[in-house]
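Chemist: Model the following, please.
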Amino acid sequence: MLNYPIGIQSFEDLRNSKCVYVDKTDYVYNLAYHGKTYFLARPRRFGKSLLCTTLRSFFEGKKELFEGLKICELEKNWIKYPVLHIPLASGNFAKQGTLYKRLSKCLSKYEKQYLGATNDNEDDLGIRLQCDVEEVFDKTGLQTVMIVDEYDNPLINSKHLEEDKEIYRGFFTVLKDYDEYFRFVFLTGVTKFAKTSIFSGNNQPDDISLDPNFSAICGITHEEMMSYFSDEIKAFADKKKISTEQMVALLNKWYDCYLFHEDGIKVFNPVSLFNALKKTDLQNYWYETGTPTVLIKRIKNSTFDITSLKGDIEYPKDKLKDYKDDEFRTDIVPLLYYSGYLTIKSFIEEGRLYVLGFPDYEVETSFFNSLAEEFYGAPSEQNGFNYSDFLYDFHKGDIESVIERMKALFCTLPYATDKSLRLIERDFQNVIYLVFTILGEFIISEAHFSKGRADSILINKEYVCLFEFKIDQDAQTALAQINTKNYAGRFKMDNRKVIKIGVSFSSAEKNIVDWVAEEDK
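Modeler: Residues are numbered from 1 along each chain as shown. Next comes the predicted model:
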């Protein structure tokens, strides 16, 4: 049985533990000899930390860890460079001073290893780093390698953003001002932040996030999966009593389809794939290992229409590539992409537009579950809302119970007092949309017809429910619109029962106050 590297981020630990390693060391060699300063954005749990520690082991000259790997056929010198490794993936960065202390601690470790003593009498981290790399060069004759893992995580979680950005400005300015003392610099993150000196002015890092030559530097390609895990896939297929081809199709549905350039190679999420193969169980491992709450809260508090995500989204390629997040006030679509909730589906050459959509079933389910919990204010078991009861009522065509459950749900929702009618209506429709999406029902939001568009259409095997919502208007007005616009006409040849529901929502009471339903004859 294979030893999967689940939870292991250290390349040295992985190799010493005899874990399976999908060889990416040819990318390491290309980075080391074809450039100097890089930035790579990839979603969480995609192998960025492992890549960083692989680079660290390579530049520390630990040849024994690379025996049998591609890089051994390429590298001949194995020089042991001084390495400053700054891991920032974890830590309570909401607490004031945490970023400063973490950077100081990393510098102390670097100083002890290469200078024999710490230089912590200097309070200015930028000056301290400047002195350190000069002294290390004078002592060893070698330039320093700096590796910064998840550089943006402290800023994403900071409650003292301007203070922490100022720390970064002073610290990372050294990379440009003292460039001659650095052999190699590698930074990773989910997104780029403006006003931190890293991505401003001249001598910016080479951003390889949308570089086709590095599209598969993290993640597992289909070819790699079949090469490294073919026996495990066959065993998984045998357990489920299906063919290997069917098993691969299921793995593709759940965990495949990340694409980081239109000419790149599609890759699997490695953590999800490894968990599925190890446990021989298709589950939502993305959701189990946490979701970025800051992103979810930001979506809820924005004007972003989540129903647009059920279809694909067109977005300018150049705008996606040049995206920098400045205090979370910019467009949400790029952040969804870089966080791993959207990926490239295709490219429209005319207009240079990416078509973005959910990568796979696992991520889509995770996204809507996380967003639903944020909109509802509490998990369903705490606010009394039960998905299965809702689904049971809908499948029976019991519209009265469906409406009553909606009303009970809206009683639990936290509403901002300063929202416009348009935003209140959006929240109302978003919550209903989330409910039915999570239930697995087919939902069309604002479906277009020849004479207008219905707010929502909910479809299952037995029923088609046409919903029209009106804010501060009576339910009969809503039902009359369904009839006048003949929204039910497209379902005349459908064998399912068609139910038309007009709903009145009060902006003052923030809830449903009236409804009326009739079956289409």
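
Chemist: you'd agree residue 124 is up against residue 170?
Modeler: Yes - using CB atoms under 8 Å, residue 124 is in contact with residue 170, at 6.6 Å. Any C-beta I mention is one placed from the backbone N, CA and C, and that applies to glycine too.

Chemist: Which one's more surrounded, the two?
Modeler: Each of residue 124 and residue 170 has its neighbours counted (other CB atoms under 10 Å); residue 170 has more, 15 against 12.

Chemist: and the closest residue to that one other than its chain neighbours, how many neighbours does it have?
Modeler: Nearest residue to residue 170, sequence neighbours excluded (CB to CB, 6 or more residues apart in numbering): residue 126, at 3.7 Å. The number of residues packed near residue 126 is 20, by other CB under 10 Å.

Chemist: what's the answer for residue 159, then?
Modeler: Using other CB under 10 Å, residue 159 has 10 neighbouring residues.

Chemist: can you pull the contacts of it?
Modeler: Neighbour list for residue 159: 94, 95, 96 [criterion: CB atoms under 8 Å, 6 or more residues apart in numbering].

Chemist: if you skip the residues just before and after it, what's nearest to the first one?
Modeler: What that stands for is residue 94. Nearest residue to residue 94 in three dimensions, chain neighbours excluded: residue 159, at 4.8 Å (CB to CB, 6+ apart).

Chemist: same check, this time on the second one
Modeler: With CB to CB, 6+ apart as the measure, residue 159 is the residue that lies nearest to residue 95, at 7.9 Å, once sequence neighbours are left out.

Chemist: Which of the three states applies to that neighbour?
Modeler: Secondary structure, DSSP: H, G, I helix; E, B strand; the rest coil: residue 159 is coil.

Chemist: ok, now how distant is it from residue 370?
Modeler: According to CB to CB, to the nearest Å, residue 159 stands 21 Å off from residue 370.

Chemist: how many other residues sit next to the closest residue to residue 69 other than its chain neighbours?
Modeler: The shortest distance from residue 69 to any non-neighbouring residue, by CB to CB, 6+ apart, is to residue 25 (4.6 Å). Residue 25 has 22 neighbours, counted by other CB under 10 Å.

Chemist: got a pLDDT number for residue 25?
Modeler: Note for residue 25: predicted pLDDT of 97.

Chemist: Ok, residue 176 next?
Modeler: Looking at residue 176, its pLDDT stands at 88.

Chemist: what comes up buried for the host helix or strand of it?
Modeler: Using DSSP states H and E, residue 176 sits within helix 161-177. Residues of helix 161-177 classed as buried: 161, 164, 165, 167, 168, 171, 172, 173, 174, 175, 176 (neighbour count, 16 or more other CB atoms under 10 Å).

Chemist: Would you mind pulling up the elements that it packs against?
Modeler: helix 98-115, helix 125-140, helix 153-156 (3 or more CB pairs under 8 Å, 6 or more residues apart in numbering; DSSP states H and E).

Chemist: Turn those helices into CSV, including distance to residue 47 and mean pLDDT.
Modeler: As requested, these are exported to CSV (distance: least, CB to CB, whole Å; pLDDT from 0 to 100):
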stretch, distance to residue 47, mean pLDDT
helix 98-115, 21, 96
helix 125-140, 27, 96
helix 153-156, 16, 88
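
Chemist: Including distance to residue 484, could those go into a markdown table?
Modeler: Putting these into a markdown table (distance: least, CB to CB, whole Å) gives the following:
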| stretch | distance to residue 484 |
| --- | --- |
| helix 98-115 | 60 |
| helix 125-140 | 68 |
| helix 153-156 | 49 |
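
Chemist: Pick the most deeply packed of these.
Modeler: Mean neighbour count (mean count of other CB atoms under 10 Å) peaks for helix 153-156 among these, with a mean of 22.

Chemist: Which elements pack onto it?
Modeler: By 3+ CB pairs under 8 Å, 6+ apart, helix 153-156 packs against helix 98-115, helix 161-177.

Chemist: Show me what it is in contact with.
Modeler: Helix 153-156 is contacted from outside by 88-91, 93, 98-99, 102, 161, 164-165, 168, 189-190, 193, 196, 292, 294, using CB under 8 Å, 6+ apart.

Chemist: now do stretch 246-260
Modeler: For stretch 246-260, the external contacting residues (CB under 8 Å, 6+ apart) are 42-43, 209-210, 214-215, 219, 222, 225-226, 233-234, 236-237, 240, 242, 265-269, 272-273, 276, 282, 340, 343-345, 359-362.

Chemist: Among these, the buried ones, what's the ChimeraX command?
Modeler: Buried residues within these, by 16+ other CB under 10 Å, are selected in ChimeraX with:
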select :42,43,209,210,214,215,219,225,233,236,237,265,266,267,268,269,272,273,276,282,340,343,344,345,359,360,361,362
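
Chemist: Could you list which of the contacts of stretch 246-260 belong to helices?
Modeler: Of the contacts of stretch 246-260, the ones assigned to helices by DSSP state H are 222, 225-226, 233-234, 236-237, 240, 272-273, 276, 361-362.

Chemist: host element of residue 84?
Modeler: Following DSSP H and E, one finds residue 84 within strand 83-87.

Chemist: Name every strand pairing with that strand and say which way it goes.
Modeler: Counting by DSSP bridges, the strands paired with strand 83-87 are strand 144-149 (parallel).

Chemist: nearest residue to residue 207 other than its sequence neighbours?
Modeler: Nearest in space to residue 207, with sequence neighbours left out and distances taken as CB to CB, 6+ apart, is residue 39 at 4.8 Å.

Chemist: Distance check, that neighbour against residue 270.
Modeler: Distance from residue 39 to residue 270, counting by CB to CB: 21 Å.

Chemist: same question, residue 124
Modeler: Here the criterion is CB to CB. By it, residue 124 lies 39 Å from residue 270.

Chemist: Next up, the contacts around the closest residue to residue 6 other than its chain neighbours.
Modeler: Nearest in space to residue 6, with sequence neighbours left out and distances taken as CB to CB, 6+ apart, is residue 274 at 5.3 Å. Shown in contact with residue 274 (CB under 8 Å, 6+ apart): 4, 5, 6.
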